[in-house]
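# need a structure here:
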Amino acid sequence: MAATTACSPDAPPPRPAAVRPAEPAKRAAPAPAPAPAQVTIGGEDAAETEQRWKPPAVTLTDAGVAQARRDAAKAFEEGRLFETAEDAIPIWLALRARDPADRQAEAGLKRARQRLLADATALLARPLKQREAVAEASEIGLVLLTLAPDDEHVRQLQSRVELAQRVIAYNRAGEDDLRADRIGEDGDGAIPNFREALALEADNPRARQGMAAAESALIRRAETAAREADFTAAGTWLSEAAKVRDSAPTIVEAFERVEKIRADTLVRLRDEGLRDLATPQGLKAARQKLEDALRIAMPGDPVVGQLRERIELVTHYGSFRPRQVFSDALRDGGRGPQMIVVPHGGFQMGAGDSEPGASDAEKPSHYVRFERGFALAITEVTVADYRRYVTATNARPRATRRGHSIIYDERSGNFTRSSGVDWQSGYDGTPAIANSPVMHVSVRDAEHYAMWLSEQTGRSYRLPSEAEFEYALRAGSSGRYPWGDEGTPPPRSGNFTGAEDVSPSGRRWFNAFVGYGDGWWGPAPVATFEPNAWGLHDMAGNLSEWVADCWHASYRRAPADGLAWFNPGCRQRVIRGGNWANAPEQTRAAWRQSQDSDTTSARIGFRLVRGI
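Numbering: from 1, shown residues only. Predicted structure coming up:
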C-alpha cells in the first residue's frame, strides 16, 4: 500500500526492540545421538533411550575458578543447563569435583535440579505436541538420574515419563488405525489401542477423544448405509458403535437420525435451496433442489412446500425490500452485523480515460449490472464482532500466529512492523476498543469469519466483490470521489487524511485534503461519520477493505454481472476504499490496490455481503 507519511522537524530516535516476556528455561539442541534400540508397544515403535547422561568435560584451573562460577551463574540465568561444557550443570559438577566441599557449586546444582524437575513436570502436562514434550522430559530425567539417582522425586519423574511414552505409543497406533479406517470393531484396530492407553491412564484425554472418534466413525458408517437405503447395515454399525463407550448419548441420537433420514434429506434440500436463493445466480439451482425433494417426499410435505413457496416469491430482493435494515440471529443468542439491502441496478465501474490520478489498473471503465439486490454490512466489522468469532472457534488469525503486524509509529511517523500486534490491537499497537473497526486481519482471516457467520446464521455471508464494493461506495454518484468531483470532502463525510488533522505529538500530513479535518488521527469508531446516500458508513475512509477478487492489472475481460473475478489459488488480492492514512488520489471512487493475501495492517479491515 502506498504510504502517506507524517513528519516532524525533530523526529525522535527509532524505538528500541520490544522487550519479550520471560520464557521457560531452554537448552541448546543436543548433538545427534546413536540410533536407539526399538521396542514395540501396541503396534507403535517407541525409542528406548540409554539410561545415563555423561556430563560434558570441563577443564578448570585454580586461576579460573572465579570465572567458572560467574559463567555457571550466567548460564543458569540464560536457561543453559546441561548440553555443553559451557552450561551451568557441567561447570558446577567440575567445581564440586575439584572441591567436594564447594557450597556454591552444591547450591547451584540444587537449584538446577529444582528447575529441571519443574521443566519436566510442565512438559509432561503439555496438551499439544506430546511426543516431543515427553522426549524432552525423558532427556531431562536422565540428567536428573545422574545428578540425584536416589532422589524420590527423580524416580517418580522417571516412572511418569515411561508411562507417558507407553500411553503415547498406544494413542498414536490408534490414531494411525483410525486414519486407515481400521476402527477395531473386530478386535484389531483403533479401539483396542485406545483401551490399552486408558488402562494405563484412565483419564487420558487423547485416548478418550480417540474412543469418541472411533464411535463417530462407526456412526458415520451407519448413516452412510441409511442414505443408501440399507437400513440393515445401518443397524449393525450402530450396534457396534454402542459397544465402544458405556451409555453414550450419541448412540441414541444416531438411532433417531437414521430413522428420520428421509426427513433430514428433505430439510437439507430445502436449506440448500434457500441458500441458493441468497446468491445472485441461485434460482436455477434452487429449482433443481425442489425437483430432488419432490422425488423423495410424501404428498403434501410441509418442508417441500416451504421451498416451493420461497421460489415463487423470488424477485430482485426475495422477501426483502431496498434499503431494508436487518441483522441475523446467531445460534449462540447474539446478533450478526447490521445489514442494509443495496438496490439492484447498474453503474459505470472504474476510472475514465481523463480522470486525474487514475492508473491503468482502474481502466477501462465498463458497465456492470446487478440483476438482484444484495445486503451489505452498514459498517466495517468491529473488534467486538471479531472477538465473538475468535472466542467461539478458538481461531488464531494470521497476525496472532505470526506474532506481528504493521502499525503506525508515532515517534517516527512511519508504518513499521511491530511484534505482539494482532486483531485486538489498534492502529498504533495499543489495545483496540470494542467498537473500533477490526484491523490487522488478512483476507483469509476475513473469509474465515464469513464462513463462521454463515454457519451461525444459516445464511450466506462472504466478502463483497470488487464491483459490489465500488457500486455501494458510489451510491449512485459518478464523480471522481465518492462524494462527487469537489476536491475537499463535505464536512463529517468520513475519516480521510485532512490537512487539519493533527497526531498526538503534533504531526501533520504532507499529502492531504486541504482545508479538511475530521478530528481523528487513526481509525475512528465505526459509524462516527455520516452515512453515504445508501446508508453505508465509512465506505470511502476509515479503513481500506478486503474484497473477494484476485488482483488483475486492468479491467479487460472483467465480469459484467458483478461477480468476483477470482482465480483459485491466487495470492494477490484487492483492497478498495480509502483509509485514514491515504493520499487524496487514493480516496477516489475508482482507486484499487493489490495486496498479498497474508498482509495484515493498521490500514485494512473488511465488511461482509449477505445474499438475499
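# My reading is that residue 578 lies in a helix. Confirm?
No - secondary structure of residue 578 (DSSP: H, G, I helix; E, B strand; the rest coil): coil, not part of a helix.
# For it, give me its contacts.
494, 496, 540-541, 544, 586-588, 591 (C-beta atoms under 8 Å, 6 or more residues apart in numbering). Every residue, glycine included, has its C-beta placed from N, CA and C.
# any weak-confidence spans in the stretch 51-200 of the chain?
Applying pLDDT under 70 to the stretch 51-200 of the chain flags the ranges 51.
# before we move on, what about the chain?
For the chain (pLDDT under 70), the answer is 1-51, 229, 231, 247, 313, 315.
# neighbours around residue 344, how many?
Residues contacting residue 344 under the criterion other C-beta atoms under 10 Å number 18.
# Same question for the one 3 residues further on.
Around residue 347 there are 19 other residues, counting by other C-beta under 10 Å.
# quick thing: my sequence starts at 50, can you match it?
Sounds good: first residue 50 from here, last item residue 396.
# any idea how far residue 485 is from it?
31 Å (C-beta to C-beta, to the nearest Å).
# Just the helices from the stretch 450-599 of the chain, written as ranges.
Residue ranges of the helices in the stretch 450-599 of the chain, as given by DSSP state H, counting those that start in this stretch, are 492-506, 515-523.
# so of those helices, which one's packed in deepest?
Most buried of the helices of the stretch 450-599 of the chain, by mean neighbour count (mean count of other C-beta atoms under 10 Å): helix 515-523, with a mean of 26.
# who's in contact with it?
391, 396, 398-399, 417, 419, 423, 425, 513, 531, 581, 583, 585, 588-589, 594, 596-598, 607-608, 611-614, 623, 625-626, 638-639, 641, 658.
# re the thing from before, wait, which of the helices of the stretch 450-599 of the chain is closest to residue 572?
Ranking the helices of the stretch 450-599 of the chain by proximity to residue 572 (C-beta to C-beta) places helix 492-506 first, at 16.0 Å.
# And the helices in the stretch 100-249 of the chain, which stretches?
114-126, 137-147, 152-174, 179-196, 201-228, 239-249.
# now for the first one, which elements pack on it?
It stands for helix 114-126. Here helix 114-126 touches helix 137-147, helix 152-174, going by 3 or more C-beta pairs under 8 Å, 6 or more residues apart in numbering; DSSP states H and E.
# which one of those is the most hemmed in?
By mean count of other C-beta under 10 Å, the helices and strands packed on helix 114-126 have helix 137-147 as the most buried, with a mean of 22.
# got the contact list for that one?
Contacts for helix 137-147 (C-beta under 8 Å, 6+ apart): 104-109, 114, 117-118, 120-122, 124-125, 129-131, 133-134, 151, 153-155, 157-158, 161, 192, 196.
# Try it again at 6 Å.
With contacts defined as C-beta atoms under 6 Å, 6 or more residues apart in numbering, helix 137-147 is touched by 104-105, 107, 109, 117, 120-121, 124-125, 130-131, 151, 154, 157-158, 161.
# ditto for stretch 596-606
399, 409-410, 413, 415, 512-515, 518, 613-616, 619, 621, 623, 625, 643.
# Quick one, which of these are buried?
Among these, those buried by neighbour count (16 or more other C-beta atoms under 10 Å) are 399, 410, 512-515, 518, 613-614, 623, 625, 643.
# No more questions from me, cheers.
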